[in-house]
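Chemist: Sequence first, then the predicted structure, then my questions.
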Amino acid sequence: MTRSRIAALGLIAALAVAGCGKSPEDKARDNGKAVGKAVRELHDAGSVDQARAAVKDLRTAAADIGDDARAAVKDQVDTQKATLSAAASSLTSADSAGLKNSIQDVRAQADAFRHSDDSVANEFWRGFEEGYDG
C-alpha cells in the first residue's frame, strides 16, 4: 500500500470518528445528570436563597433536555408532578423537612423509572441518579 493511500485511509477514519456525535442515550444521560445534580442542590439547600438558586439551576437543566430525552421521559415526569408540587409547597412555606422528603421521593421514583423498555429513558434516569448521588 502506498503512503498516499495509507494517508487517505487515515484521513477517512479520522473524519468518520469526528463525524460521530453522541448517541441519543448519551445525550439523555448527560441531561439526566444535570437535572439530578440540580435536584440534589435543592435537597441540600440550607437557606431559601440557596433553594431558589437550585430551582433556577433545575429550570435551566430541564430547559436543556434534548428532544429525544424529553419525549422518552415525558410521562414519567408527569407522574412526578405531584411530588414536585409538594416540594415547591414546602419551599414556599420554609418546611425544609417536607422539601427533603419530597426530593427523596423524586429520587426513589427515578430509580423505579430506570427499568423500562426505552433505552433513552433508562439512560436519562441513570444520569439523574449519577447527578443526584454524585
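Modeler: Cool, the structure landed. Numbers count the residues shown, from 1 in each chain.
Chemist: got the contact list for Glu123?
Modeler: Glu25, Asp26, Ala28, Arg29, Gly32 (Cβ atoms under 8 Å, 6 or more residues apart in numbering). Just so you know, the C-beta spots here come from the backbone N, C-alpha and C atoms, and that holds for glycine as well.
Chemist: That one and Thr79: what is the separation?
Modeler: Glu123 sits 18 Å away from Thr79 when distances are taken as Cβ to Cβ, to the nearest Å.
Chemist: next one: Ala71
Modeler: Noted for Ala71: a distance of 15 Å to Thr79, by Cβ to Cβ.
Chemist: Same question for Ser90.
Modeler: 19 Å.
Chemist: Extract the C-alpha set from stretch 105-119 and format it as PDB.
Modeler: Presented in PDB, the C-alpha positions along stretch 105-119 are these (Å, rounded to 0.1, in the frame of the first residue of the first chain):
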ATOM      1  CA  ASP A 105     -39.400  10.700  46.800                       C
ATOM      2  CA  VAL A 106     -38.300  12.100  43.400                       C
ATOM      3  CA  ARG A 107     -35.000  10.200  43.800                       C
ATOM      4  CA  ALA A 108     -36.800   6.900  44.600                       C
ATOM      5  CA  GLN A 109     -39.100   7.400  41.600                       C
ATOM      6  CA  ALA A 110     -36.100   7.900  39.400                       C
ATOM      7  CA  ASP A 111     -34.800   4.600  40.400                       C
ATOM      8  CA  ALA A 112     -38.000   2.900  39.600                       C
ATOM      9  CA  PHE A 113     -38.200   4.600  36.200                       C
ATOM     10  CA  ARG A 114     -34.800   3.400  35.200                       C
ATOM     11  CA  HIS A 115     -36.000  -0.100  34.300                       C
ATOM     12  CA  SER A 116     -38.200   0.500  31.300                       C
ATOM     13  CA  ASP A 117     -38.100  -0.800  27.700                       C
ATOM     14  CA  ASP A 118     -36.900   2.600  26.400                       C
ATOM     15  CA  SER A 119     -33.100   2.900  26.400                       C
END
